[in-house]
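J.: here is my input, please return the structure:
(chains A and B)
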Amino acid sequence: MLVVGTVPIRDMPLTIGKVTADGECLVISDRRIPCTQGTGAMISAALATTSYLGLDPPYALLVGDIGEGKGSRQLYQYLIDHIVELSPAVLTLHYWLPDMAQTRQLCAVIEKCKKRPVMIADAASMYSAKAAGLAEAFDIFTPDATEIAFLADPEATHPAYIAKHLFDTDISRAPELARLAYKNHGAAKLLLVKGATDYIIRKGEVLATVTEPDVPALEPIGGTGDTITGLVSAFTYAGLELYEAAIIAARANRMAGKYTRVTPATRVRQIIAQFPSVFKDYLCQWSNVCHGKGGN
Amino acid sequence: MRKQQQKAKFEGGGLILFQEVPHAMAAEKVLKSLGYTVKLVAPPPQLRKGCDLAVEINLVEQPGIERVLRENDLAYVGIDPIRVKTAPLLDIVKVTDFGDWIMVKAGNMKITYEKASGVIVNVSGGGCPDIPYLHAELIDKRLDEAPRPKDLGFTLCALNLDRAFDECLTLYLKGNKK
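T.: Model (predicted):
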């Protein structure tokens, strides 16, 4: 599994390697990455899952970028040059400065991989895939209530420019907006729409919803959407069907929020720390995966 | 020998419009010198507001580019999405009361602060690379002492975050006067 994204460390060079955890940080090629909102939270959730299941840790490709775009362009170019030789089973694209042309080039190169990776996109990687008209090349997107409106708007290239009649913070419109997104070729093969109700949707059809446990205070906590993407990636890497991985990710994220007794001031690393306990208590029941290392 | 990769053709999605051709050329030069990927283009007739030369930019970088233009006294008419049917920038703000905390959502961005102290406790949403950076810069700071996202950020996500910040600050200051 290859996870790709920017981290908020100015001038951190392009770095690739296996991820390990050290206290509240991730370590990759001797560089310490904070487990905070964004790519750090996504990778931490994926690592918590692979560690529990006794799988290889995620391989991460990271670069420092605080929004200026230079690091993001290096990420795209590295992937374009090396993705065929890397050929990961699962490729998760996350934070970066969206660039339609480079996304187009990357997707063209990925078709040359011997076995096409399961392609997962969230955050601005999802924005660039949709804006470039390549959403359907991806296996799953994990948008929130605003982002599903963005995917439904055929003209929008960023969620700041969504038509007002589509924009709604009410998650109950997700199925309608997802149907529109599929009609306008703005959706991946599967969608996990994150909100008060989590919707798992394929080709406009709602396959499942997740509403329990109800933990409203998860919404303000930065990184709680990123953790879902990390969980989906790791469970897919573990061999679960993508829709199963999505359902379990949504459940596990909520349950970890409940275990943490979150308030709007909770930090995402506190929630991630609860994943092993959640897996131990529920993973077997939810998925028939009953052999986790952390479960013994 | 590895085959040379073909260079991707730039697709920016946004146009800076100018009154005068030399303004467009000066802006292109400054932006390129700062590492932005930009291109001089002719604006489509339906977007033309001044001269017949525009600078194509990556629309997501609009806030950072506007800051560069201001700091360098480069006059411009406006920045528009190239796709003419694109909606105007969203200005919808939603406030959620969590008891001791208030969450303000503007577009895809959310800020949550503690009512009593005005301290920012969380920033969530978005997907551009300046958001984790702004998260780190804003957390644990009081709203009336924290830096503005629009002054530190570079992208449209940062612009939305600044709208949420502005509403948080208004609410907090109003609450303190009661």
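
J.: identify the residues contacting the residue nearest to B:Q19 when sequence neighbours are not counted.
T.: Distances taken as C-beta to C-beta, 6 or more residues apart in numbering or on different chains place B:G50 nearest to B:Q19, at 3.9 Å, with adjacent residues excluded. C-beta coordinates here come from the backbone N, C-alpha and C atoms, glycine included. Contacts for B:G50 (C-beta atoms under 8 Å, 6 or more residues apart in numbering or on different chains) come out as B:17-20, B:77.

J.: where exactly do the helices run in the stretch 1-150 of chain A?
T.: Assigned by DSSP state H, counting those that start in this stretch, the helices in the stretch 1-150 of chain A fall at A:39-53, A:70-86, A:100-110, A:123-131, A:145-152.

J.: if we can go back for a sec, need phi/psi at the residue nearest to B:Q19.
T.: Note on B:G50: its backbone torsions stand at phi -140, psi -110 [degrees, to the nearest 10].

J.: which pLDDT value belongs to B:G107?
T.: B:G107 carries a pLDDT score of 89 in this model.

J.: which residue sits closest to it, ignoring its sequence neighbours?
T.: Spatial nearest neighbour of B:G107, excluding adjacent residues (C-beta to C-beta, 6+ apart): B:N160 at 3.9 Å.

J.: can you give me the neighbour number for that neighbour?
T.: Per other C-beta atoms under 10 Å in any protein chain shown, the neighbour tally for B:N160 reads 31.

J.: any idea of the pLDDT on it?
T.: Predicted confidence (pLDDT) for B:N160: 93.

J.: that one belongs to a helix?
T.: Yes. Assessed with DSSP: H, G, I helix; E, B strand; the rest coil, B:N160 lies in a helix.

J.: and it, what does it touch?
T.: So B:N160 contacts A:159-160, B:90, B:106-109, B:125-126 (C-beta under 8 Å, 6+ apart).

J.: from the residues you listed, pick the one nearest A:L75.
T.: Ranked by distance to A:L75 (C-beta to C-beta), the contacts of B:N160 are led by B:G126 at 17.6 Å.

J.: wait, that closest one sits on B:A106?
T.: No. B:G126 is beyond contact range of B:A106, at 10.5 Å (criterion: C-beta atoms under 8 Å).

J.: identify the contacts common to those two.
T.: B:160-161.

J.: between the two, who's got more neighbours?
T.: B:G126 (35 against 25).

J.: confidence score at that one?
T.: 92.

J.: low pLDDT regions in chain B?
T.: Applying pLDDT under 70 to chain B picks out residues B:1-8, B:176-178.

J.: now with 50?
T.: Filtered on pLDDT under 50, chain B yields the residue ranges B:1-5.

J.: assign B:G14 to helix, strand or coil.
T.: Three-state call for B:G14 (three-state DSSP): strand.

J.: ok, it - how many residues close by?
T.: Neighbours of B:G14 (other C-beta under 10 Å): 25.

J.: now do the same contact list for it.
T.: B:56-59, B:61-62, B:79-82 are the contacts of B:G14 under C-beta under 8 Å, 6+ apart.

J.: specify which member of these is nearest to A:A250.
T.: Out of the contacts of B:G14, the member with the shortest distance to A:A250 (by C-beta to C-beta) is B:L59, at 31.7 Å.

J.: ranges for the helices of chain B?
T.: B:21-33, B:62-71, B:130-138, B:149-152, B:156-177 (DSSP state H).

J.: which ones are touching B:P129?
T.: Counting by C-beta under 8 Å, 6+ apart, B:P129 has contacts A:6, A:8, A:65-67, A:69, A:71-72, A:95-97, A:124, B:155.

J.: go on, A:A234?
T.: A:1, A:45-47, A:49-50, A:53, A:55, A:58.

J.: tell me which helix or strand it sits in.
T.: Taking DSSP states H and E as the definition, A:A234 sits inside helix A:224-237.

J.: quick one: that helix to chain centroid distance?
T.: 5 Å (C-alpha atoms, centre = their mean, to the nearest Å).

J.: next, the angle from it to helix B:130-138.
T.: 130 degrees (axes from the mean of the first three to the mean of the last three C-alpha atoms, to 10 degrees).

J.: the helix or strand following helix A:224-237 and chain B in contact?
T.: Note on helix A:224-237: by DSSP H and E, the next helix or strand toward the C-terminus is helix A:242-260. No. For a cut-off given as C-beta under 8 Å from any C-beta of the partner chain, helix A:242-260 has no contacts with chain B; the smallest distance is 13.1 Å.

J.: mind saving the C-alpha coords of helix A:242-260 as PDB?
T.: What follows is helix A:242-260, C-alpha atoms only, in PDB (Å, rounded to 0.1, in the frame of the first residue of the first chain):
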ATOM      1  CA  LEU A 242     -14.000  -2.000  -1.000                       C
ATOM      2  CA  TYR A 243     -17.600  -1.500   0.100                       C
ATOM      3  CA  GLU A 244     -17.000  -3.600   3.200                       C
ATOM      4  CA  ALA A 245     -13.800  -1.700   4.000                       C
ATOM      5  CA  ALA A 246     -15.900   1.600   3.700                       C
ATOM      6  CA  ILE A 247     -18.600   0.300   6.100                       C
ATOM      7  CA  ILE A 248     -16.100  -0.900   8.700                       C
ATOM      8  CA  ALA A 249     -14.100   2.300   8.400                       C
ATOM      9  CA  ALA A 250     -17.200   4.400   9.100                       C
ATOM     10  CA  ARG A 251     -18.100   2.300  12.100                       C
ATOM     11  CA  ALA A 252     -14.600   2.100  13.500                       C
ATOM     12  CA  ASN A 253     -14.200   5.900  13.300                       C
ATOM     13  CA  ARG A 254     -17.400   6.500  15.100                       C
ATOM     14  CA  MET A 255     -16.700   3.900  17.800                       C
ATOM     15  CA  ALA A 256     -13.200   5.300  18.400                       C
ATOM     16  CA  GLY A 257     -14.800   8.700  18.800                       C
ATOM     17  CA  LYS A 258     -17.200   7.200  21.400                       C
ATOM     18  CA  TYR A 259     -14.300   5.400  23.200                       C
ATOM     19  CA  THR A 260     -12.400   8.700  23.400                       C
END
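
J.: ok, B:I131 - contacts?
T.: A:37-38, A:95, B:109, B:123, B:125, B:153, B:155, B:157-158, B:161.

J.: ok, 10 Å please
T.: Taking C-beta atoms under 10 Å, 6 or more residues apart in numbering or on different chains as the contact definition, B:I131 lies against A:6, A:8, A:37-38, A:66-67, A:95, A:123-124, A:222, B:108-109, B:123-125, B:149, B:153, B:155, B:157-158, B:160-161.

J.: ditto for B:G125
T.: Here B:G125 is in contact with A:37, A:123, A:144-147, A:159, A:219-220, A:222, A:225, B:105-111, B:131, B:157, B:160-161, B:164 (C-beta under 10 Å, 6+ apart).

J.: how about the contacts made by residue 117?
T.: I went with chain A, as the question did not name one. A:P117 sits next to A:1-2, A:83, A:86-92, A:110, A:139 when contact means C-beta under 10 Å, 6+ apart.

J.: my bad, chain B
T.: Residues near B:S117 by C-beta under 10 Å, 6+ apart: B:100, B:142-143, B:172.

J.: how much space between it and chain A?
T.: According to C-beta to the nearest C-beta, to the nearest Å, B:S117 stands 11 Å off from chain A.
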